[in-house]
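Student: Sequence plus the predicted model coming up.
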Amino acid sequence: MPSKKTDSPKHSQLAGTDTPDRANTNAKVQSLEDVRSDATGQALRTNQGVRIADNQNTLKAGDRGPSLLEDFIMREKITHFDHERIPERIVHARGTGAHGYFQSYGNHSALTKAGFLQDPAKITPVFVRFSTVQGPRGSADTVRDVRGFAVKFYTDEGNFDLVGNNMPVFFIQDAIKFPDFVHAVKPEPHNEIPTGASAHDTFWDFVSLVPESAHMVMWAMSDRAIPRSLRMMEGFGVHTFRLINDQGVASFVKFHWKPRQGVHSLLWDEAQKLAGKDADFQRRDLWEAIETGDYPEWELGVQIVPEADEHKFDFDLLDPTKIIPEELVPVTPLGKMVLNRNPDNFFAEVEQVAFCPGHIVPGIDFTNDPLLQGRLFSYTDTQLSRLGGPNFHQIPINRPVAPNHNNQRDALHQHVVHKGRASYEPNSIDGGWPKETPPAAQDGGFESYQERIDAHKIRQRSESFGDHFSQARLFFQSMSPTEQHHIIKAYSFELGKVEREAIRAREVNEILANIDLKLAAAVAANLGLPAPTAVTVQVKGSQLAQSPALSQLNHPGVVGIKGRKIAVLVADGVDAGSVDRLVKALEAHSARPLLLGPTSAPVKAADGTQLPVAASMEGMPSIMFDGIVVPGGKASTDALAASGLAKHFLLEGYKHLKAMVLTRELSGSLGLKEDKGLVLGDDQGAVDAFVKAVEGHRVWEREAAAEAVPA
Ligand code: HDE
């Protein structure tokens, strides 16, 4: 691999010839260019470059005879195929990714000397991988689980990986418990069941015995664990990090990603059905959004705590099971990230990307969070077996844009032809190169923050990590009634799958009771257990009664219904004018209306025109859409009213609290009542009401009525 490419790009040299949105990725695109393989117009050849004349037949002794060992073409092909798979990630195996860029809003040099946060004109390429945690590579996208949110910034000063999740806390406080936690949540060892789910005995056995998990389990039982889209999730760095400015002044920070698309979720029934009807629902959603130019955007922000304020909170900043409520320390926006390019090749990019929380750049540093400290070891270690050796940083997607000369040599899969005689330092033979760079305000070598440590070597948890319930309670009490209802249902569903009654009872009496007695009583009732009447642990409670920032209903987003998928149900005899009016009105809001028919065949409108459809109602069921509209046309709506498929589509959409535009006759025949989000007719008023309802994501007021509709 020519090291020239790795050494070359400064974005300023590459940008300028392209649109601003595209120019950003040029530096990384350029560094990948020499490994891109485009076979257009090329002859089929072996790996040794020999042209292949026949790719259909093995070399044989006669056309009915045995195959010959000398057939190097067949053997090379099959051998390579036999080794196509690599070990999947131990956790976060199921994922998808995209390229994009990060742009700082301004000069944040008072906070950090990290170069990518100092110049709003600088475009830093990024690669993001979103994932679920529990399931294997082929598992479904929409399971109830934490989502990984890992971002690699290819900065001029080296790669910075922000390897976060869509939830701001974690299940455990100390890295040494991670293998125990993962073994408990993974499919059970005797029968490898369940896939992609935490609703089983070993998970609940562990978390009910480990109260430090209470807060994170709350998040996992909330709607955050079933996002509507990867584009509609917040992201969190989880641990407290340090930012350091050029004067050496450090601040504690928590990283946040805020989606412009808002924070929205699926309903549990939808999530379960989607797991079967479209296991790729979320990777497809991200892919399609980027392909259609609807680039998702997040704002990167930090909560900043001056060093002097480290002990001003009623929890420990080093404890990864705690948030800093945004009402106590607001999030300061630093810049934005836009995802604007899909990968060319899933394996080469999404599968081979290797994140590590230890990949940081000058101006950023760690804290002593004991979970973070363990992570610093684990990620590089796991890549050794996953990617087959210590040269995984040379894989194109992992290569920094910054030069990376050093004296590390050889090892499996070495791609660089290192020149020179000296692979040690100091040396005089090669002029002493490559040389250290002393730390400096700008462009200096990396220097760790000089934290003073004076302590005993000890295996002990700090007492300041001891309150496991106050923030779990704060979370529950900050939810809207709807969100609380969903949390109760989620605990009831999951614990309902637990076979051992002792585990159910322990979770209810020793965990949920200490969070909130009403929550515990509601879950207990659903499990047929007695309601606990007293707490088992005295908790001091949080300094806040509520944190509104925790409720996702307070994060509607700023893009309206842009990119939302709307089903337009049509059948023969539909009024083409009505279809046109509705589609145009939705497109004016940058939504994505898709015509669905009884089959995949075009439908014939009342005026005789043929209307092509995107799919049949069976091929794209209601669970794949954010809203449903039915244009006018008596023959068409009569046909829909008589079709089991269409009725199921509409009733299911109603049950899932979707905004709907219906004709009066159709809503009457289905027995559905008008509400804030179920509007009649196809005039502008109906469209406006519909758009408003889709903006609100769901018609929550309908929830009680919808529960009476069969699933
Ligand atoms: Fe990870 N984690 N983790 N994790 N994690 C991995 O690294 C680990 C933790 C997270 O898309 C692994 O390359 C330990 C917290 C994401 O490629 C592994 C501990 C957070 C991803 C690993 C944690 C995360 C991983 C598996 C406790 C949120 C996917 C394959 C000490 C802040 C990255 C790999 C991708 C992946 C270890 C806890 C996020 C085994 C030991 C907390 C997003 O190294």
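Tutor: That came through fine. Being a predicted model, the structure only gives us computed values, none of them experimental. Numbering: from 1, shown residues only.

Student: in the chain, what residue is nearest the ligand?
Tutor: G148 (2.8 Å; C-beta to the nearest ligand atom). Placement of C-beta: from N, CA and C, glycine included.

Student: what pLDDT does the residue nearest to E326 when sequence neighbours are not counted get?
Tutor: Counting by C-beta to C-beta, 6 or more residues apart in numbering, E326 lies nearest to A549, which is 3.9 Å off, once chain neighbours are set aside. You'll see A549 listed with a pLDDT of 98.

Student: per-domain residue ranges of this structure.
Tutor: Annotated domains of the chain cover 1-36+85-432+468-555, 565-706 [automatic domain parsing].

Student: Now do the residue nearest to E326: how many residues are near it, please.
Tutor: Number of residues near A549 (other C-beta atoms under 10 Å) recorded here: 17.

Student: ok, now F127?
Tutor: So F127, with other C-beta under 10 Å, has 26 neighbours.

Student: do Q352 as well
Tutor: With other C-beta under 10 Å as criterion, Q352 counts 18.

Student: Run me through the strand neighbours of the helix or strand harbouring T96, direction for each.
Tutor: Element membership for T96 (DSSP states H and E) is strand 95-104. Strand partners for strand 95-104, identified by DSSP bridges, are recorded as strand 123-132 (antiparallel), strand 331-341 (antiparallel).

Student: To K658, which of those lies closest?
Tutor: strand 123-132 (24.3 Å; C-beta to C-beta).

Student: quick check: mean pLDDT across that closest one?
Tutor: Strand 123-132 comes out at a mean pLDDT of 98.

Student: Got the confidence number for the residue of the chain closest to the ligand?
Tutor: In this model, G148 carries a pLDDT of 98.

Student: Find the nearest non-adjacent residue to it, please.
Tutor: Per C-beta to C-beta, 6+ apart, closest to G148 is S131, 3.7 Å.

Student: Also L553?
Tutor: S480 (5.1 Å).

Student: do the same with W298
Tutor: According to C-beta to C-beta, 6+ apart, the nearest residue to W298 is W257 (4.3 Å).

Student: tell me the contacts of the one you found?
Tutor: F149, V151, G164, E234, G235, F236, W298, E299, L300, G301, M337 (C-beta atoms under 8 Å, 6 or more residues apart in numbering).

Student: Go ahead and list the helix or strand containing it.
Tutor: Counting by DSSP H and E, W257 is found in strand 250-259.

Student: what's the angle from that strand to strand 331-341?
Tutor: 50 degrees (axes from the mean of the first three to the mean of the last three C-alpha atoms, to 10 degrees).

Student: Could you please name the strands strand 250-259 pairs with and the direction of each pair?
Tutor: By DSSP bridges, strand 250-259 pairs with strand 235-236 (antiparallel), strand 241-244 (antiparallel), strand 297-306 (antiparallel).

Student: That strand: which residues count as buried?
Tutor: A250, S251, F252, V253, K254, F255, H256, W257, K258, P259 (16 or more other C-beta atoms under 10 Å).

Student: just checking, next helix/strand downstream of that strand?
Tutor: In N-to-C order, the element after strand 250-259 by DSSP H and E is helix 268-277.

Student: what about the next helix-or-strand element following that next one, near the ligand?
Tutor: Next along the chain after helix 268-277, taking DSSP H and E as the criterion, comes helix 281-291. No: if you take C-beta under 6 Å from any ligand atom as the test, helix 281-291 misses the ligand, and the best it gets is 12.9 Å.

Student: elements contacting helix 281-291?
Tutor: strand 95-104, strand 331-341 (3 or more C-beta pairs under 8 Å, 6 or more residues apart in numbering; DSSP states H and E).

Student: What strand or helix carries S578?
Tutor: Going by DSSP H and E, S578 is part of helix 576-588.

Student: Which elements pack onto that helix?
Tutor: Partner elements for helix 576-588 (3+ C-beta pairs under 8 Å, 6+ apart): strand 565-569, strand 592-597, helix 684-695.

Student: Could you list every helix and strand that the shortest one packs against?
Tutor: Just to be clear, that refers to strand 565-569. By 3+ C-beta pairs under 8 Å, 6+ apart, strand 565-569 packs against helix 576-588, strand 592-597, strand 627-629, helix 644-655.

Student: The ligand contacts on the stretch 351-500 of the chain?
Tutor: V353, F355, L371, G374, R375, S378, Y379, T382.

Student: pull the helix or strand with minimum mean pLDDT from the chain.
Tutor: Every helix and strand of the chain was ranked by mean pLDDT, DSSP states H and E. The lowest is helix 11-14, at a mean of 30.

Student: can you give me how far stretch 638-654 is from the chain middle?
Tutor: 33 Å (C-alpha atoms, centre = their mean, to the nearest Å).

Student: Please spell out which residues along that stretch are buried.
Tutor: Applying 16+ other C-beta under 10 Å to stretch 638-654 flags A639, L640, A641, S643, L645, A646, F649, L650, L651, E652, G653, Y654 as buried.

Student: who touches the nearest residue to the fourth one once chain neighbours are set aside in this structure?
Tutor: What sits nearest to S643 in space, not counting adjacent residues and going by C-beta to C-beta, 6+ apart, is P598, at 6.1 Å. Taking C-beta under 8 Å, 6+ apart as the criterion, P598 is in contact with A571, S616, M617, A639, S643, L645, A646.
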